[in-house]
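Novice: I need the structure of the sequence given here:
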Amino acid sequence: MTITPQAKVKPIFEALRPIYGDLIWRAENASDPMDELISCILSQSTSDTNRDKGFFALKARYPTWQAVVDAPPPDVVDVLRPAGLANQKAPRIQAVLARIYAERGEYNIDFLRDMPLEAARAWLMSFDGIGPKTAAIVLCFSFGKPAIPVDTHVHRVSGRIGLIPEKMSADKAHPVMDALIPVNWHYPFHLYLIYHGRETCTARVAHCERCPLTELCDYYAAMTQGAPKPLKSPNKT
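Specialist: Residues are numbered from 1 along each chain as shown. Sure thing, here's the model as predicted:
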């Protein structure tokens, strides 16, 4: 019997909640929007560790965002080398910061808090180098808006379970996941999938023997029904 993606959402939530706890977005714990935005740009195509090295190096070298904009581009490239792809990320960050100041008169995007979700998302994605994942992370973690960032873990786990089609890209999965998951569950559900992807449904091995979601999982069903080969996880982003 095939279980639809819609029918899987509640039992997935109920199975993972006791494992990872009640997760609630709180304004007092929200990340600084500008820091989150620049950190997300640095996170593209690199590890969290390298992203953090680049971000902290940037903040240590330049005391203000204006200082980053005014710095010679080669200098910013050198500072950001630990984050990887510095030749792309440095000019991208300088351009994003310059445009924010040109439009807003300050290095501040707090105005997004009061904008409708889709308008805020569209504004962020109008910048070169800011895609649906970066926009969703800023909206979710800085402003508590109901947007699900589809990172590597969310993409992989959702594809294996069958919440999204097997070959759907991460970019295309954003609106699908946003529509599939109840609004009040967006924040915890997203984190549950990340934690589950890190600890159990990993990229190298899907540890089905300790997974509470096997009865709902397309990947597990294919493995146990003697399929000629297991389902592939979606392409990484």
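
Novice: Going by C-alpha atoms from here, please, whenever you check contacts or count neighbours.
Specialist: Fine.

Novice: So for this structure, which residue is the most central one in space?
Specialist: Nearest to the mean C-alpha position of the chain, by Cα atoms, centre = their mean, lies Pro149 at 3.6 Å.

Novice: my read: that residue touches Pro188, true?
Specialist: No: checked against Cα atoms under 8 Å, the pair Pro149 and Pro188 is beyond contact range at 11.6 Å.

Novice: dump the residue contacts of the residue nearest to the centre of the chain.
Specialist: Neighbouring residues of Pro149 by Cα atoms under 8 Å, 6 or more residues apart in numbering: 132-137, 140, 174, 190.

Novice: Turn these into CSV, columns for distance to His196.
Specialist: Converted to CSV, those look like this (distance: Cα to Cα, whole Å):
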residue, distance to His196
Pro132, 22
Lys133, 19
Thr134, 21
Ala135, 23
Ala136, 20
Ile137, 18
Cys140, 19
His174, 19
His190, 10
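
Novice: Pull out the buried positions in the helix or strand harbouring Met34.
Specialist: According to DSSP states H and E, Met34 maps onto helix 33-43. Buried positions in helix 33-43, judged by neighbour count with 16 or more other Cα atoms under 10 Å: 33-34, 36-43.

Novice: for stretch 71-81, same thing?
Specialist: 76-77, 79-81.

Novice: Phe55: which of the residues you listed is nearest?
Specialist: For the buried residues of stretch 71-81, the closest approach to Phe55 (Cα to Cα) belongs to Leu80, at 7.4 Å.

Novice: Enumerate every residue touching Met115.
Specialist: Shown in contact with Met115 (Cα under 8 Å, 6+ apart): no residues.

Novice: pLDDT score assigned to the closest residue to Asp151 other than its chain neighbours?
Specialist: Distances taken as Cα to Cα, 6 or more residues apart in numbering place Lys133 nearest to Asp151, at 6.8 Å, with adjacent residues excluded. At Lys133, the model reports a pLDDT of 94.
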